[in-house]
Every structure is written in structure tokens, then in C-alpha cells.
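A.B. asks: here's a sequence, model it:
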Amino acid sequence: MSDDAASETQPDPRDNAGRVARNIASVAASQLTTWLFSAVAIVIVPRALGPVAIGQLGLATAIWQLGNIAIGFGSHQLIIREMSQDPKEGSRVLSNVVALQALAWVGVSVLVAAYAVLAGVDDTVAMLLVLVGLATIISQQNQSARGAIIGRERLGLTSSVSVIERAIAAGVTIVAVVLGYGVVVVTAVAGVATVVALGAHGIAVARDPEVVVKPTLADRRSVIQRAIPLMLLSSALLLYREIDVLALAALADEEAVGLYAATDRLFGAMVMVPSAISLALFPTLARRFTTDPEAVRATLRRLSALLGVVTLPMAVGAWMLGPDLAVTILGEDFEKSGDVMRVYGIVLIPVAWTVIIGMYCTISKQERVWTFVLLASAVATVPLDIFLVPFSEDRFDNAALAGAIAFLVTETSAVIFGFRRVLPGVMNGATLSMFVRAGFAAAAMAGVLWAARDLNVFLALIVGGGAYGIGALAFGALRLSELATLGGPFQRLARFGAAPSDGNTDGASSTPTSRSPE
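C.D. replies: Numbers count the residues shown, from 1 in each chain. Next up is the predicted model:
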């Protein structure tokens with residue numbers, strides 16, 4: 001057998017399911033930890049600095065966020081995709097991106113300086129614009145280096161660096177406000193964390209023998225052409241995320257905006273599961289797509305079904321315990337956020353699916369398709385809110401519900417389009433059968449939550465989640481043989497179940513991308 005033939009039959013060690021599972025776990029743990037650090041800072045910093053200082057920082061940040069679109073120009077996803085498919089080409093892209101980002105930052109800095117002069121901002125805002133601007137270019141370069149590491153499928157490293165970065169940022173920020181420093185000093189010391197992260201990622205890239213970075217503009221036109229669709233996609237996503245807040249601000253009062261925004265922040269924690277899976281699988285599937293696109297599509301179809309089973313208990317928990325969760329986490333003033341949380345629980349299921357569909361569009365270079373979907377969803381949100389805001393106010397005395405309901409409508413529509421045009425064949429008989437089984441488990445969970453309604457809300461969620469897991473295994477929505485592919489304790493747990501039909505007991509060595517959907 002020739003070397004080429006042998007390479008075709010030998011599975012890539014990077015496709016090891018246990019390794020993929022560890023990547024997913026590390027990303028999820030990183031996102032949860034960084035979210036907790038951010039939550040601590042969010043609680044402490046505004047109270048210490050006051051609304052005026054927070055408003056000044058918000059202005060400086062908002063101005064640079066607009067410029068950030070041009071500075072980043074969709075390069076982060078491009079680096080991941082190209083690096084995962086071909087490290088040599090990924091190195092050329094990274095070398096160009098580093099130089100292009102620096103040039104774009106200089107141009108944006110000139111525009112920001114012109115704004116500051118024409119608007120006559122005070123000294124504090126001017127200093128904040130300088131500090132946020134420096135943090136912006138450092139952050140973009142850090143994201144580029146991080147993208148290269150993710151493309152090399154070393155997500156454990158990037159996850160660890162992200163946790164350290166957020167811990168440093170939260171720590172020095174809290175120390176600064178406790179010592180009584182103002183918003184300028186607080187912003188300056190927080191930027192140290194990004195410098196540390198850039199140093200760590202930069203060292204990791206420099207030590208990778210397959211990645212050679214020499215800042216250049218030799219291939220700038222090709223890189224920009226490939227990055228523009230991704231930039232448009234990220235811009236459309238940003239617009240889609242913010243359109244509900246803008247619509248509520250125009251159609252309702254500040255209280256409705258606050259109720260919706262607070263719930264939306266909690267929803268960000270719920271989306272960590274599909275987001276972590278998407279980030280962990282993206283480089284692996286992008287690499288596999290170049291040699292076996294049908295296997296990638298089969299994996300994503302199967303993953304979509306499994307995500308539905310995983311997010312269903314979260315939806316049940318949010319629906320039944322939403323009001324208690326809102327009051328417990330946010331306080332009595334946010335009691336109405338509980339109803340928004342209930343709708344968000346349902347939205348979580350289609351959101352998990354749109355994450356998968358969007359990832360596939362990026363992998364298969366169909367970014368324009370998903371950009372169109374996001375823009376159409378953003379446009380549709382406006383008339384939906386115009387109708388739903390007064391309806392929700394009159395019917396439920398809660399205008400914030402309008403944003404959540406509109407979100408549910410647009411996400412469901414996007415899923416229908418995506419599964420029909422982008423990833424067809426997802427909702428087949430096997431998938432529907434899996435959801436029916438998961439529905440029985442969800443019903444059992446709902447019964448347990450109702451019986452445990454007098455318990456602490458978090459304890460009730462743990463008990464209910466356990467009931468769902470047992471029910472999912474009992475009704476066949478999840479199988480121990482599938483858990484074995486995660487390796488480690490899951491593989492040992494699966495030994496109590498039926499042995500695989502092919503006699504392979506080494507679940508950790510199986511390749512998830514080689515199995516078609518059930």
C-alpha cells in the first residue's frame with residue numbers, strides 16, 4: 001500500500017472524539033468562568049464610578065466599536081478557517097491581517113480624533129478615547145493570534161488564556177475602584193489584561209513550527225476579498241442582536257429596555273452550550289470539509305438533533321422557573337423579566353440550531369446566504385415590534401415581552417430556511433423520533449420541577465436536570481454508546497450498557513464525523 005493510500009485510510013488523530021469533547025469542555029468552562037468574572041465587575045464597577053463616568057466610558061467604547069468593524073473586517077473567522085485547512089495559507093493570511101489591522105487602526109484613529117475635536121469632548125472623554133483606542137488594536141491583534149491557535153485546534157490553550165485575561169481584568173479593575181481611582185485609571189489598568197493575553201498567544205504562535213508570521217501586504221487584495229463576506233456577516237449579526245433594543249427604546253419606556261437587556265444578558269449564559277460546541281468543532285469541521293464535505297454535513301445534521309435534545313431541558317427549566325430565576329438573580333425589581341425568560345427558554349432551541357447552520361455557512365463559504373438571513377431577520381424585527389409592543393403592554397403589562405416574542409419568530413423562520421436550503425434532511429423520521437423520546441423525558445422533568453417548586457430554584461434545577469438525564473436515557477433520546485465517544489468516565493459508564501455491534505469498545509478513538517445521522 002502506498003503512503004498516500006495509507007494516509008487516506010488512517011484517521012487524523014485530531015478527529016479523536018475524546019479530544020473534541022475535551023475542546024468543547026474547555027471552551028464551555030472558559031466561557032462560564034469569564035462570564036462570572038464579568039458579572040462580578042458589572043455589579044461592582046458601575047456602583048463605584050457612578051452613572052456619569054460609566055456614560056463617558058460607554059460613549060468612548062461605542063465610538064470605537066463602530067471603528068472595530070473596519071479594523072477587524074471579519075478576519076478572525078477567516079484566520080481560523082484558513083489555518084485549519086492549510087497552515088501555510090493560514091500563515092499568509094495571518095501575516096496580511098496583522099499589517100492590515102494596523103493600517104486600518106491608524107485610519108480609524110484619525111477619524112476618531114476628528115470627531116473628538118469637532119464634538120468638543122471634555123478631557124476625560126478624550127483620554128478614554130485614547131485608552132480604548134489602544135486597547136482596540138491590541139485586542140484585534142490578540143484575536144488574530146488566538147484565531148491562529150484555534151485553527152490549529154489548540155482550544156485548551158486559548159481557553160486558559162481567556163480565563164487568565166478576564167481574571168486579571170476583573171481583579172485590577174476591582175482593586176482600582178476600591179482604592180478610589182476614577183474611570184480613566186480603571187480603563188487603563190483593565191487594558192493590561194489584553195496585553196498579557198496578546199503576549200501569551202503571540203508566544204504560542206511563534207513556537208508553532210507550521211505557522212510563520214511575517215507582517216506583509218503582498219496578498220492584501222486576496223485576503224480582503226475573502227474577509228469582506230465574513231465582515232458583512234458579523235455586521236449583520238451585530239445589527240440583528242441590537243435591533244430589538246433599539247426598537248424597544250423607540251416604542252416603549254426605559255423600564256422595558258432594562259427588563260429586556262437584563263434578561264438578554266442571562267440568555268447569553270444559556271447560549272454557552274451551543275456556542276462552545278460551535279467554536280470547538282469549527283476548526284475540525286473546516287479542515288474535514290476540504291476532503292469530505294458530505295461527512296461534515298452528516299455530522300452537523302446529527303449534532304443538530306443532539307443539540308435539540310440537550311437544549312430542551314434548559315427550555316423547560318426556563319419556562320417553569322423563569323420568574324423565580326429572574327427574581328433570585330436580578331432582584332425583585334426585575335420580576336417581569338421572568339416572563340421574558342420563559343420565552344427566551346423556548347428561543348434557545350432554534351438559536352442552538354442557527355449557530356450550527358451559521359457555522360456551516362462559514363465553513364462552506366456561503367457567508368452571503370446567512371448574511372441575507374440575518375439582515376432579513378433584522379428588518380422583520382421592526383414591524384414585529386411595532387405590533388407586539390402595544391400588544392404585550394396591553395395584554396401582559398410587559399412591553400419587554402415583545403422583544404422576546406419577535407426574537408422567537410425570527411429565529412424560528414431562520415431555522416426553517418436553514419434546514420430547507422442550507423442543511424436539508426435534518427428533520428427526518430429518526431430526528432423526530434428522538435425528539436418524541438426527549439419530549440417524554442421533558443415531561444418527567446416538568447413533573448419533578450412542579451413537585452420541587454418549594455425548593456431553592458437552583459436546587460430545583462439540579463433535581464429536574466437529573467430527572468431529564470435519567471428520562472432521556474430511559475426513553476432512548478440519549479444512548480450510553482453515544483456517550484462513550486466522549487471517552488474517559490463516559491466510556492467506562494457505557495460499559496454497563498450494551499456492547500457496540502461492531503465490537504469496538506474504544507469509544508475514545510471513534511471519529512464523530514464519520515457517522516451519519518440516525
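A.B. asks: mean confidence score for whichever strand or helix holds Leu198?
C.D. replies: In this structure, Leu198 sits in helix 183-207 according to DSSP states H and E. Average pLDDT, helix 183-207: 91.
A.B. asks: show me the contact partners of that helix.
C.D. replies: Contact with helix 183-207 is made by 45, 49, 53-54, 56-57, 94, 124, 127-128, 131-132, 134-135, 138-139, 141-142, 145-146, 148-149, 154, 157-158, 161-162, 164-166, 168-169, 172-173, 175-177, 211, 213, as judged by CB atoms under 8 Å, 6 or more residues apart in numbering. Placement of C-beta: from N, CA and C, glycine included.
A.B. asks: buried subset of these?
C.D. replies: 45, 49, 53, 56-57, 94, 124, 127-128, 131-132, 134-135, 138-139, 141-142, 145-146, 148-149, 157-158, 161-162, 164-166, 168-169, 172-173, 176-177, 211, 213 (16 or more other CB atoms under 10 Å).
A.B. asks: from these, which land in helices?
C.D. replies: With helices taken from DSSP state H, the overlap with the buried ones among the contacts of helix 183-207 comprises 45, 49, 53, 56-57, 94, 124, 127-128, 131-132, 134-135, 138-139, 141-142, 145-146, 148-149, 157-158, 161-162, 164-166, 168-169, 172-173, 176-177.
A.B. asks: got a list of what the closest residue to Phe396 other than its chain neighbours touches?
C.D. replies: On the basis of CB to CB, 6 or more residues apart in numbering, the spatially nearest residue to Phe396 that is not a chain neighbour turns out to be Asp339, at 6.7 Å. Neighbouring residues of Asp339 by CB under 8 Å, 6+ apart: 322-323, 396, 398, 401.
A.B. asks: ok, of the residues you listed, which one's closest to Gly74?
C.D. replies: Minimum separation from Gly74 among those (CB to CB) is found for Leu401, which lies at 33.9 Å.
A.B. asks: tell me who's in contact with that closest one.
C.D. replies: Under the criterion of CB under 8 Å, 6+ apart, the contact partners of Leu401 comprise 339-340, 343, 388, 392.
A.B. asks: and Gln143, by the same measure?
C.D. replies: Taking CB under 8 Å, 6+ apart as the contact definition, Gln143 lies against 72, 76.
A.B. asks: 10 Å instead, please
C.D. replies: When the contact criterion is CB atoms under 10 Å, 6 or more residues apart in numbering, the partners of Gln143 are 72, 75-76, 79, 97, 101, 150, 194, 197-198, 201.
A.B. asks: name the helix or strand for the residue nearest to Phe396, please.
C.D. replies: Using DSSP H and E, Asp339 sits in helix 337-363.
A.B. asks: got it, and Gln77?
C.D. replies: Secondary structure here is read from DSSP H and E; on that basis Gln77 sits in helix 75-85.
A.B. asks: just Gly180 next, same as before
C.D. replies: Mapping Gly180 onto the secondary structure by DSSP H and E places it in no helix or strand at all.
A.B. asks: quick one, phi/psi of it?
C.D. replies: Per-residue torsions, Gly180: phi 90, psi 10 (degrees, to the nearest 10).
A.B. asks: could you give the angle of the helix holding Asp339 to helix 75-85?
C.D. replies: With axes from the mean of the first three to the mean of the last three CA atoms, to 10 degrees as the basis, helix 337-363 and helix 75-85 are set at 50 degrees to each other.
A.B. asks: now helix 337-363: how far from the chain's centre is it?
C.D. replies: The offset between the C-alpha centroid of helix 337-363 and the centroid of the whole chain comes to 11 Å, using CA atoms, centre = their mean, to the nearest Å.
A.B. asks: got it, and stretch 174-181?
C.D. replies: A distance of 31 Å separates the centroid of the chain from that of stretch 174-181, by CA atoms, centre = their mean.
A.B. asks: stretch 177-191 now?
C.D. replies: If you compare the mean C-alpha spot of stretch 177-191 with that of the full chain, they lie 28 Å apart, counting by CA atoms, centre = their mean.
A.B. asks: and that stretch, end to end?
C.D. replies: Across stretch 177-191, the straight-line distance between its terminal residues is 15 Å, by CA to CA, to the nearest Å.
A.B. asks: buried residues in it, which are they?
C.D. replies: Judged by neighbour count using 16+ other CB under 10 Å, the buried positions of stretch 177-191 are 177, 181, 183-191.
A.B. asks: pLDDT below threshold where in the stretch 201-350 of the chain?
C.D. replies: In the predicted model of the stretch 201-350 of the chain, residues 254 satisfy pLDDT under 70.
A.B. asks: mind redoing it with 90?
C.D. replies: Counting by pLDDT under 90, the low-confidence segments of the stretch 201-350 of the chain come to 209-311, 318, 320-341.
A.B. asks: ok, which stretches of it are helices?
C.D. replies: Residue ranges of the helices in the stretch 201-350 of the chain, as given by DSSP state H, counting those that start in this stretch, are 220-251, 254-270, 272-289, 293-330, 337-363.
A.B. asks: got the angle for the second one vs helix 272-289?
C.D. replies: Helix 254-270 and helix 272-289 are oriented at 50 degrees to each other (the same axes, to 10 degrees).
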